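Enquirer: Generate a structure from the sequence data that follows.
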Amino acid sequence: MSKIILTGDRPTGRLHLGHYVGSLHRRVILQNSGDYDKIFIMIADAQALTDNFDDPEKIRQNIIEVALDYLSAGLDPRVSTLFVQSQIPELTELTFYYLNLVSVSRLYRNPTVKAEIQLRNFEANIPAGFLCYPVSQAADITAFHATDVPVGQDQLPMLEQTREIVRRFNAIYQPVLTEPEALLEENSVYQRLPGTDGKAKMSKSLGNCIYLADPPQVVEEKIMNMYTDPLHVKVSDPGHIEGNTVFTYLDAFCRPEHFPEFLPEYESLEQLKDHYQKGGLGDVKIKRFLNRILQQELEPIRRRRKEYEKDIGAVYQILKEGSQKARNTAGATVDQVKRAMRIDYFQDEGLIKAHMDKYENGNR
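Expert: Below is the predicted model:
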């Protein structure tokens with residue numbers, strides 16, 4: 001059986017280091033591994049509209065921003081199919097069929113949905129589209145017969161909802177849908193990167209993001225203002241690394257080769273941490289070290305982005321061609337689904353002939 005990946009992002013803003021660490025960099029690695037037959041990467045604009053329905057222009061403007069971030073991070077449209085969710089109407093059709101396979105109470109019990117409802121204060125007046133977006137997600141995944149879906153721990157309930165829908169569909173109709181598996185990141189460091197202010201979530205609304213497209217001076221400014229240890233007032237004070245945002249970022253980005261290049265007086269990150277905890281190491285020094293590491297990481301991304309920005313028309317063409325390719329695949333899945341559900345009336349020659357014979361014989 002072919003190994004197929006489906007993943008994507010909501011275009012509610014430019015992508016930041018949290019996206020890069022949590023999913024984007026990994027997608028590039030998976031793409032270049034040669035282990036997968038097909039990779040579909042979706043800009044989930046229809047899903048983003050479930051809680052941004054009153055601001056469609058926000059989504060419209062960010063389609064190209066996310067596409068530029070994808071391409072500049074190293075996603076290759078010759079290998080990975082980049083597409084826009086709303087341009088694949090077959091996904092909406094599958095969602096409609098799948099809605100019959102899940103109850104409203106089951107949707108409310110989804111832990112991820114419950115958390116998102118609370119986050120957005122939707123408890124009293126939740127949009128139906130938002131409540132049902134796990135069903136839409138099931139349509140996205142099954143339309144491409146995805147075998148593997150890269151997710152974090154917090155998204156596992158969503159994937160399990162898809163698996164339940166697949167099992168129920170295959171049991172009631174015919175076993176035509178593929179049941180996906182979670183592709184979890186083994187290293188917990190990459191599950192979620194905190195904001196520069198130390199808050200658990202990096203988000204545009206909180207103003208605590210480092211964006212992939214940020215110029216060098218902006219990145220440096222954000223790093224130098226990063227939250228560390230409030231008890232580490234003087235250089236001589238012992239410092240704490242738990243909850244210290246700078247060290248969390250170093251855990252995510254620092255590699256052994258960075259020390260001889262940028263901080264030769266230390267041999268490893270563990271040695272750096274040990275010195276900080278004992279006292280005698282200032283925050284400014286470790287922030288400058290982190291800045292040099294992140295500038296090196298982001299420089300090729302910024303360079304590629306500048307090249308793509310020279311021809312935005314070509315970027316739109318990539319999305320247009322990818323969306324057509326994705327639609328062809330999703331269309332074939334819809335055909336399978338309709339045959340399994342026995343609603344392929346005009347393609348079922350046996351059905352047509354049986355009715356023709358019935359009424360021709362009845363008229364004799």
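
Enquirer: average pLDDT across the lengthiest helix in the chain?
Expert: Under DSSP state H, the helix in the chain containing the largest number of residues is helix 312-341. Across helix 312-341, the average pLDDT comes to 98.

Enquirer: any idea how far residue 281 is from residue 326?
Expert: Residue 326 sits at a distance of 51 Å from residue 281 (criterion: C-beta to C-beta, to the nearest Å). Where C-beta positions appear, they are placed from N, C-alpha and C, glycine not excepted.

Enquirer: In terms of packing, which of these two has more residues around it?
Expert: Applying other C-beta atoms under 10 Å to residue 326 and residue 281 shows that residue 326 carries more neighbours, namely 26 against 21.

Enquirer: residues contacting residue 321?
Expert: Counting by C-beta atoms under 8 Å, 6 or more residues apart in numbering, residue 321 touches residue 77.

Enquirer: ok, now residue 220?
Expert: Residue 220 sits next to 291, 295 when contact means C-beta under 8 Å, 6+ apart.

Enquirer: Distance check, it against residue 293.
Expert: Distance from residue 220 to residue 293, by C-beta to C-beta: 12 Å.

Enquirer: which secondary structure element contains residue 305?
Expert: helix 283-309 (DSSP states H and E).

Enquirer: what angle separates that helix from helix 312-341?
Expert: Per axes from the mean of the first three to the mean of the last three C-alpha atoms, to 10 degrees, the angle that helix 283-309 makes with helix 312-341 is 80 degrees.

Enquirer: List the buried residues in helix 283-309.
Expert: By neighbour count on 16 or more other C-beta atoms under 10 Å, the buried set for helix 283-309 is 283, 286-294, 297-298, 301-302, 305, 308.

Enquirer: so which of those comes closest to residue 58?
Expert: Nearest to residue 58 among these is residue 305, at 20.7 Å by C-beta to C-beta.

Enquirer: Could you pull up the residues touching the nearest residue to that closest one once chain neighbours are set aside?
Expert: Leaving aside its sequence neighbours, residue 305 sits nearest to residue 72 (C-beta to C-beta, 6 or more residues apart in numbering; 3.7 Å). The neighbourhood of residue 72, defined by C-beta under 8 Å, 6+ apart, consists of 212, 213, 301, 302, 304, 305, 308.

Enquirer: Compute the inter-axis angle for whatever helix or strand residue 72 lives in and helix 312-341.
Expert: In this structure, residue 72 sits in helix 56-73 according to DSSP H and E. Interaxial angle, helix 56-73 versus helix 312-341 (the same axes, to 10 degrees): 100 degrees.
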